[in-house]
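A.B. asks: here's my sequence, what's the structure:
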Amino acid sequence: MPDQLSPDALAPLVRNTIFARAEHIHYFRTVGSTNEMAMQAADAGAEEGSVFVADEQTSGRGRGGHGWHSSADGGLYLSVLLRPNLNPTDVLWLSLITGLSAHYAIDLVLGAPPDLRWPNDIMLGNRKLGGILTEMAADSTHVRHVVVGVGLNINQASFPPELADIATSLRIETGRDWPRTEIAAALLKSLDREYRALKTGLLANISGSIIKRFERCSSYAHGATVAVEEAGGFTGQTVGLDARGFLRVQTQDGVKTVLSGGVRKVAGD
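C.D. replies: Numbers count the residues shown, from 1 in each chain. So this is what the prediction gives:
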């Protein structure tokens, strides 16, 4: 039997966080998408800190409309509802702190830190271990709510042929199964710390810390030769994040700022 992601199992492990109320942890054996469930609940007035977690997704989504392979009992498929006092243009910070939270949580459990690929991928070597999908409802100047979804490949023994060369799991990398509940709790506790700091600190002050830590945790942020799927596509060498958290790439035509495009390391880098 897989380890349980039920509210009774998860809530005691995340005491003293905004995610700790068992009645706000919604567990599904199978669901289309935890992000979809969270967005629907947010529209209906669900409280900040609500958690939506499933053993399997049948319509898992990644960034840019891509599907997310969500096999039964193999991964962690989890979404949280946040109601930050942010301008819509600042929501990128939530993706970055969630990446940091996943980095710290996996390092805590596994004893080895994963890599972060800007803006939303968790990597082991050159293969994807997980991804982050941030969706929001907002007017022109204020965010009403944000749903942050995290998919982590934990105990999958294999992937479909089209994913075998680009995806990996903790089980594939280590040869053993890992406790999903423990990883979920570590992720939520880390995200709670990051989110509280973001909410209580002046964004102008806290953003510098996020940038520095993300750059330390990411081999993609500085000195990586990358191909970017944006503005017709271009290649160059990364030169860190700008003050808004966007990736900068030095190209033959000068420094370009990546706003939303996919980033891949060029073979041999």
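A.B. asks: check what pLDDT the closest residue in space to Asn153 that isn't next to it in sequence gets.
C.D. replies: With sequence-adjacent residues excluded and distances taken as Cβ to Cβ, 6 or more residues apart in numbering, Asn153 is closest to Ser169, at 3.8 Å. (Glycine included, C-beta is placed from N, CA and C.) For Ser169, the pLDDT comes out at 94.
A.B. asks: Ser169 reaches Arg127, doesn't it?
C.D. replies: No - Ser169 sits out of contact with Arg127 when judged by Cβ atoms under 8 Å, with a separation of 9.2 Å.
A.B. asks: how many neighbours does the residue nearest to Asn153 have?
C.D. replies: Counted with other Cβ atoms under 10 Å, the neighbours of Ser169 add up to 25.
A.B. asks: same question for Arg171.
C.D. replies: Other residues near Arg171 come to 17 when the count uses other Cβ under 10 Å.
A.B. asks: residues touching it, list them.
C.D. replies: With contacts taken as Cβ atoms under 8 Å, 6 or more residues apart in numbering, Arg171 has the following neighbours: Ile154, Asn155, Gln156, Ala157, Asp177, Trp178.
A.B. asks: so it versus Ser79, what's the distance?
C.D. replies: Remark: distance between Arg171 and Ser79 (Cβ to Cβ, to the nearest Å) = 23 Å.
A.B. asks: picking that back up, just the buried ones from the contacts of Arg171?
C.D. replies: The neighbour-count test (16 or more other Cβ atoms under 10 Å) marks Ile154, Asn155, Gln156, Trp178 as buried among the contacts of Arg171.
A.B. asks: which of the residues you listed sit farthest apart?
C.D. replies: Checking the buried ones among the contacts of Arg171 against each other with Cβ to Cβ, the farthest-apart pair comes out as Gln156 and Trp178, at 10.9 Å.
A.B. asks: turn the buried ones among the contacts of Arg171 into JSON lines, columns for pLDDT and distance to Val109.
C.D. replies: Formatted as JSON lines, the entries for the buried ones among the contacts of Arg171 read as follows, by pLDDT from 0 to 100; distance: Cβ to Cβ, whole Å:
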{"residue": "Ile154", "pLDDT": "94", "distance to Val109": "10"}
{"residue": "Asn155", "pLDDT": "93", "distance to Val109": "13"}
{"residue": "Gln156", "pLDDT": "91", "distance to Val109": "16"}
{"residue": "Trp178", "pLDDT": "94", "distance to Val109": "7"}
